[in-house]
Every structure is written in C-alpha cells, then in structure tokens.
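**Student:** Following is a predicted model, sequence given first.
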Amino acid sequence: MINCTKCRQPLSGDVFSPVDLVECQTCGARLRVDAFPAMLTSRTTIKLDDSFVFDDEATCFFHPRKKAAVSCSSCGRFICRLCDVELDGQHLCPTCLDTGKRNHLINNLVNKRTLFDSLALYLALLPIIFVWPTIITAPMAIYVGIRYWKAPTSIVPRRKWRNWVAVGVASLQIIVWVMVLFKAID
Amino acid sequence: MMDQPPLQYRRVPGIRRISFGYETLHLGPDHLLSVRGRGWAEGYKRFYYRDIQAIITRKTSIGMAQNIACGLLAALFMIPGIFGDDVEFWVWLIPAGIFLLLLFINWWRGPTCICHIQTAVQTDKLPSLHRLKTAAKAIEVIRSYIVTTQGPLTQEQLDSLVREAGPRKTKGATGQFGDKSVSRGNMLHLFLFILLLIDAMFWFLGLMKINQAGLTMVGMFVGLALAALTAATLVTQYRTGLVSRLNALTWGAAGYVGFNLVYGYLLFIYASIKNPAASGNQWKLLKTVSEITAKDISYLPRVRLLFLLAALTLAVLGLIVWWLSRRIKTASTPTKVPPVPPINQLRPYN
C-alpha cells in the first residue's frame, strides 16, 4: 500500500482524494498521493517452458534443452523466455545486452556520461580564482574542449556553448600569459 | 550491433541546484528520466511509466525555517544601523537589504516539499521537485504521460484503493475548504491590509514632521484597532486551509503590530521621563509624545522610516495576495472527511 514518506506508517484512504494536502494519521505530515492503475495491477509472471524439445524444434542458443521463443533482434540467435530481455520493443539476448551496455549502444542502458564540455569549462574558469594555475589549466582546457568537441555529452538536450566559452576563455588566458612573459623578458 | 537514434526528452518544470551540480527530471517516450549532474559527470535513473504506482508529495517546513533565518539575520544587521550614525545606517542596510531580498524571494517561491515516486520495488525521491507550486505543475505533466501508458484511474479502482487503505484511525485535520469561516477570514484580511495602509500613512506624516496631538491620538487608535484586527484574523484563519501566503502575511502583520506596540510604549515612557508633570494628564502626555523629534532621539526618523516601509510592504503584498486568493476556487464540501471526488476534479496545490 502507500506509506507516509516521513514516518513510514500506512496512510488512510483519504490521501487519495485529490482535493488538498491531507495529514498523516500517525505523524501529522501533510501530503498528497497521486495514484495510478499500476498500484492495483499484479505482476505478470512469465510461464517458463521446461519441456523437452523434439529434434525438429528450434532451441535456445544458451539453453539447448529449452524451446526457442523468439530471436534476438541484434544477433539473430534463438533465445528462450528466460534469456529474452525486452527493451524498447526489441528482444535481446544476454550477450547483446551486455555488449550494448558496455559499448553504450543502447540508449536506455546508459546510466552515466562524462560531460567533457563541462570539464573544459571548469578547467578554464575555476583556476582563475588562484591565477597561477591557469598557466597549466588553460592549455588543458583547450585540449579537452577541442579533442572531445564531437564526443556525446548528456543524453538530454544540451547546447554547445560550454565548449565555446571554455576554449575562448582559455585562449584569452594563454594570450595574457604570453604578454606577461614577453613583458617580463623585456 | 544496433545503432539507436538518440531519444528525445522534454524537461519537466523544477530544478535543484547544489554546489557544482544539479538535479532535473525529463520526460522520455516511455520513461521518466531523473538526471543527477555532479561536476563534469551525469548519472541517470529511469522510471518506466508502466511501473509508476504513485507520486507522493509531502509538505515540509524547510521554507519556513529559511524565512525565519533570513528574517532574523536581516533584523540582526538592521539593529546596529538604527543606533549608529547616517553612514553606519546605510552600511548596515546593505546586508540587511540582501537578507530581506532573499526572504522575499524564498517567500514568493512558496512552501517547500519532498516528492517521492513509488514503483513495485522502490520508493525514490525526486529532488528537483522541492517547491509545492512547481511540484504541482510537474506532476500534472507527468500524470498525462503515465495516463497515456497505463490508462486513467477509474472510479472503481480509486474506491478499491481507498477501501484497501482503510478509514482514518485518528482525528486529523484535512483541508477544510468551503466553510463559512474562510469567507469571513478573507474579508478580515482585506480590512487588515487596508488598515495597514492607513497606518503607513500616519508614519509618513510623522516622517514629514507633521506632529499634532490629535493626529498622534488617532494614530494610536489605528494601532490598537490593527492589533485587535490582527488577533481576530489569526483566530479565524487557524486551520481553515487558507492560501499559505496570506497566512504568512497575517503573521507578518502580527509581528509588525508587536514591534509597533513596544515602540509606542517606549515613547510614552520617554515622554513621562522628559515631562514628569504630564504623567498624570493623558492629553499632556500625548502632546509630549507628539512633540518628540529627532533632536530628542537622533534615530527616530530612521525608526519611522523602517515602520513605514514595513507597513507599506505588508499592506501592498497583502492586498495583492488577497486579490489573487479570491481567484482560487474552493471546494464546497464542509465535511470532516471529504468523500472521494470524481477523477476529473483535479486542483492545484495551495
């Protein structure tokens, strides 16, 4: 059922009323619950076919004694219900799923990304506070900004201004350092 | 290996900013994406629409605590400014002004909340939904996507959920909209803020050095009427589920009235000390009070200015919020436990 997120005790039925915030009957916290039909839907269980297969029937690539239920959308291997992973409307075998995750080929399995444009921006801006480290971080910012210009950033929409600002600011820092060095030499 | 096109995401209202990071929510084709950015990396968590059972929103008092902290800090910085010279006054006014601005912004953004999303296997927090107003907007958008996937919650399903959860075991307050005390409270608020405007006008006359005993007496009665009206408004708005900003402004008015009474009391004491012969005669005492100028108390104009600003701010904000609150519809059921309403009766939070 639904529990209060503060005291973890069960909530009464009036929390489903979408009129206003309702007090928890145990701790008095004011909350509101937006419920959906999935709360009442029981989990569907997959009926695994354990029967032996005959010679003329297709078998699972990973379980030779199990009947094949579907073929992998990626590699075409026949797989049983146990091996089948349905993702984005496609059926994948465990090997392709693992490969897709490791090589970041399946969008829905991407759990983290390195944002090289943010890294370049931090390298360009943060060291300005201390001034001297910019002599090292400015070239690093330019390298990261240009080297990873076309690298995939966030999976959500994101603009490229960070790269431009990082490279621009780092370039300015290098110009200033060159001028300072020339003046020092003179 | 398959080459999938990038997924299209739509951002949900609400963002939580932390040092070198942020948390946002995005709507995908078949899932809700929670994005957590830290430094130069992002982490993603997906909640598939078909799996979402409920979204639970709980109001917190973090916003109120922030308001109190900002208010206290502003007052702390204002005190040395009041008792210092002109330069010190303006110097101390800057940090006090900053905290007052932060207080105003925090108050305007509305009360804070925590949202959780429940599936069959987990209940996770949605950090980007931390303001009640934003959470209401975001949940309406998310709901439309979930309903497209799961279908709407029918009346029978809702009744089944309510029966399964059971009735309320203890007496607790539910949002009781629609009873008569709300409409009385609203009219009392209107009178309160109009009286605050009138009080501000008396402070303005004081600043312009228009001091007469008669005016001081009328101003005193206005102050007493303000105190009585504030007390009545606080009593009638207690637990009526009124708009929380109006609630906060009434409490602000109560604080203003408190300071006002203390100020008046101190002035009368000063007048008694300055003119002991007038102590036995109320009218002479009033005249002595009205004749107190900056020559007697150097920081008097500053105090009057602060009271004028406070009264004006409370009055103007109060009238605006009162007018906005009149536009919100209230439910018509005055029962203790509201019956389960039809599915299509969805309302924004207050």
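**Tutor:** All right, it came through fine.
**Student:** what's around residue 130, how many residues?
**Tutor:** By default, I'm working from chain A. Residue A:130 is flanked by 9 other residues according to other CB atoms under 10 Å in any protein chain shown. To be clear about C-beta, it is placed using only N, CA and C from the backbone, and glycine gets the same treatment.
**Student:** nope, chain B
**Tutor:** Neighbours of residue B:130 using other CB under 10 Å come to 21.
**Student:** and it, how far is that from residue B:57?
**Tutor:** As judged by CB to CB, to the nearest Å, residue B:130 and residue B:57 stand 10 Å apart.
**Student:** where do the contact lists of those two overlap?
**Tutor:** Common neighbours of residue B:130 and residue B:57 (criterion: CB atoms under 8 Å, 6 or more residues apart in numbering or on different chains): B:113, B:114, B:115.
**Student:** Checking my notes, the first one in a strand, right?
**Tutor:** Yes. Residue assignment for residue B:113, taken from DSSP: H, G, I helix; E, B strand; the rest coil, places it within a strand.
**Student:** what pLDDT, on average, does stretch B:8-20 get?
**Tutor:** For stretch B:8-20, the mean pLDDT works out to 89.
**Student:** residues in contact with it?
**Tutor:** A:155-157, B:22-29, B:32-33, B:38-39, B:127-131, B:134-135, B:137-138, B:141-142.
**Student:** 6 Å instead, please
**Tutor:** Applying CB atoms under 6 Å, 6 or more residues apart in numbering or on different chains, the contact partners of stretch B:8-20 are A:156, B:22-28, B:39, B:127-130, B:134, B:137-138, B:141.
**Student:** ditto for stretch B:283-295
**Tutor:** Here stretch B:283-295 makes contact (CB under 6 Å, 6+ apart) with B:211, B:213, B:216, B:217, B:267, B:271, B:275, B:278, B:300, B:301.
**Student:** Residue B:35 reaches residue B:22, doesn't it?
**Tutor:** No. Taking CB atoms under 6 Å as the definition, residue B:35 is not a contact partner of residue B:22, at 7.9 Å.
**Student:** Kindly tell me how buried the residue of chain A found nearest chain B is, as a neighbour count.
**Tutor:** Chain B sits closest to residue A:20 of chain A, with a gap of 2.9 Å, by CB to the nearest CB. Applying other CB under 10 Å, we find 18 residues neighbouring residue A:20.
**Student:** State the pLDDT value of it.
**Tutor:** Residue A:20 is given a pLDDT of 74.
**Student:** how much space is there between it and residue A:147?
**Tutor:** Residue A:20 sits 55 Å away from residue A:147 when distances are taken as CB to CB.
**Student:** which residue ranges form the helices in the chain?
**Tutor:** Defaulting to chain A. Remark: helices assigned in chain A by DSSP state H are A:94-102, A:116-125, A:134-147, A:161-185.
**Student:** hmm, I had chain B in mind actually
**Tutor:** Per DSSP H, chain B carries helices over the ranges B:62-83, B:86-109, B:132-150, B:155-165, B:180-207, B:213-237, B:244-274, B:282-290, B:300-325.
**Student:** can you redo these as CSV with mean neighbour count?
**Tutor:** Output for these, formatted as CSV (neighbours: other CB atoms under 10 Å in any protein chain shown):
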stretch, mean neighbour count
helix B:62-83, 16
helix B:86-109, 15
helix B:132-150, 19
helix B:155-165, 16
helix B:180-207, 19
helix B:213-237, 17
helix B:244-274, 17
helix B:282-290, 17
helix B:300-325, 18
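**Student:** Quick one: closest of these to residue A:177.
**Tutor:** Nearest to residue A:177, of all those, is helix B:86-109, at 36.1 Å by CB to CB.
**Student:** any idea how far residue A:32 is from the residue nearest to residue A:33 when sequence neighbours are not counted?
**Tutor:** The spatially closest residue to residue A:33, leaving aside those adjacent along the chain, is residue A:15, at 4.6 Å (CB to CB, 6 or more residues apart in numbering or on different chains). Distance of residue A:15 to residue A:32, given as CB to CB: 7 Å.
**Student:** residues touching residue 118, list them.
**Tutor:** In the absence of a named chain, this looks at chain A. Residue A:118 is in contact with residue B:40, counting by CB under 6 Å, 6+ apart.
**Student:** my bad, chain B
**Tutor:** Residue B:118 makes contact with B:53, B:54, according to CB under 6 Å, 6+ apart.
**Student:** rerun that using 8 Å as the cut-off
**Tutor:** With contact set as CB under 8 Å, 6+ apart, residue B:118 has these partners: A:2, B:52, B:53, B:54, B:55, B:56.
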